[in-house]
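> can you look at this prediction? I've put the sequence above it.
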Amino acid sequence: MTITGSDPTGVSGVQADIKTISDLGGLAMSAITSITVQTTFGIQEFYDIPASIIEGQIDAVMNDFQPDVIKIGLIRNVDTLRVIVNALKKYRPRHVVFDAVQFSSLGDTLISQEMRGAIIDLLLPLCSTVIKKDEDAAHGLSNIYSSAIAFFLNQGLTQDEAKEKALSYISAKQSKNNELKGRGSELYNEFLHLVTKYHREASDVHFYAELLNVSARYLAQVTRRISGKSPKSIIDDYLIHEIESLLKTSSLTAQEIAYHFGFSSQAHFSKFFKKIKGISPTQFRKQ
């Protein structure tokens, strides 16, 4: 049985656990602790399942099947932790494998310092195997590893044997190079192309997000991960670059340039330029 969070990409969390155990020939049961809103570029939002519902999930499985091995992953609040600890004490599974999830593969912090302390005090004494994750590990790798260990322990292997078998399984999976990759890079390049095409008529991020058929939030996540900039900054930077070129090379007046780039007035144009460059278009041209 796996007790952990859900990942809609299927690369980590309960989805990865179930796929791994099933791939090895086992039957996975589960209780979900948190639902995440995430992409291959990171986690956007959490919804922690109420502790009473988590308790109900665990009791339902334990009463019906009483699995010998429980694998635990993401625990984000003390109420959930206490439910899990009480269940372990009540049902006394033969093995408890804990994948000590603290950070995402992209370095996002998943649990608080307070929770880490509570886990150390309350949960670790009940665990037979603890997997400490490498922040730089590929997304979902520790899920697969810990789930494989849980499976092999359930087959009657010793801890050392289970870990060795799990490492062999991980190596075989990695050699296939089947890591899930989103379309972030492709989307980023499409966005840049659209900015070059529409920068004179549109500076609103939602305009570009709609053309790309994604949410503005996801677009921002993509651009920040790839370039370290927000979509708005990229739009404005490109616009400023084009404005500077005209100011340097053309004889157009500031008002003509303002209208050329879709500004409602020269004043609006000057305010925008000064906000980014620190000087007026006229001062820039004199330089």
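Arrived safely.
> any idea which element the closest residue to residue 75 other than its chain neighbours lies in?
In this structure, residue 75 finds its nearest non-sequential neighbour in residue 81, 5.2 Å apart by Cβ to Cβ, 6 or more residues apart in numbering. C-beta here means a position set from N, CA and C on the backbone, and glycine is covered the same way. In the assignment (DSSP states H and E), residue 81 maps to helix 78-91.
> quick one: mean pLDDT over the next helix or strand after that helix.
Moving toward the C-terminus from helix 78-91, the next helix or strand (DSSP H and E) is strand 95-100. When pLDDT is averaged along strand 95-100, the result is 94.
> for strand 95-100, which strands pair with it and how are they oriented?
Note on strand 95-100: by DSSP bridges, its sheet partners are strand 69-72 (parallel), strand 129-132 (parallel).
> deepest in the core, which of those is it.
Among those, strand 69-72 has the highest mean neighbour count (mean count of other Cβ atoms under 10 Å), at a mean of 27.
> which residues does the lengthiest helix in the chain contact?
Determined from DSSP state H, the single longest helix within the chain is helix 231-249. Under the criterion Cβ atoms under 8 Å, 6 or more residues apart in numbering, residues 191-192, 195-196, 199, 203, 205, 208-209, 216, 219-220, 223, 227, 229, 252, 257, 260-261, 273, 276-277, 281, 284-285 lie in contact with helix 231-249.
> for the residue sitting furthest away from the middle of the chain, grab phi and psi.
What lies farthest from the middle of the chain is residue 251; by Cα atoms, centre = their mean that is 49.1 Å. In terms of degrees, to the nearest 10, the main-chain angles of residue 251 are phi -100, psi 10.
> same question, residue 26
phi -100, psi 180.
> check the contacts of helix 231-249 for burial and list the buried ones.
Burial by neighbour count, 16 or more other Cβ atoms under 10 Å: within the contacts of helix 231-249 this picks out 191, 195, 199, 203, 205, 208-209, 216, 219-220, 223, 257, 261, 273, 281, 284.
> neighbouring contacts of the helix holding residue 81?
With Cβ under 8 Å, 6+ apart as the criterion, helix 78-91 contacts 3, 33, 48-49, 51, 54-55, 58-59, 62, 66, 70, 72, 75, 96, 114-115, 118-119, 122-123, 126.
> strand 95-100 and that helix, what's the angle between them?
160 degrees (axes from the mean of the first three to the mean of the last three Cα atoms, to 10 degrees).
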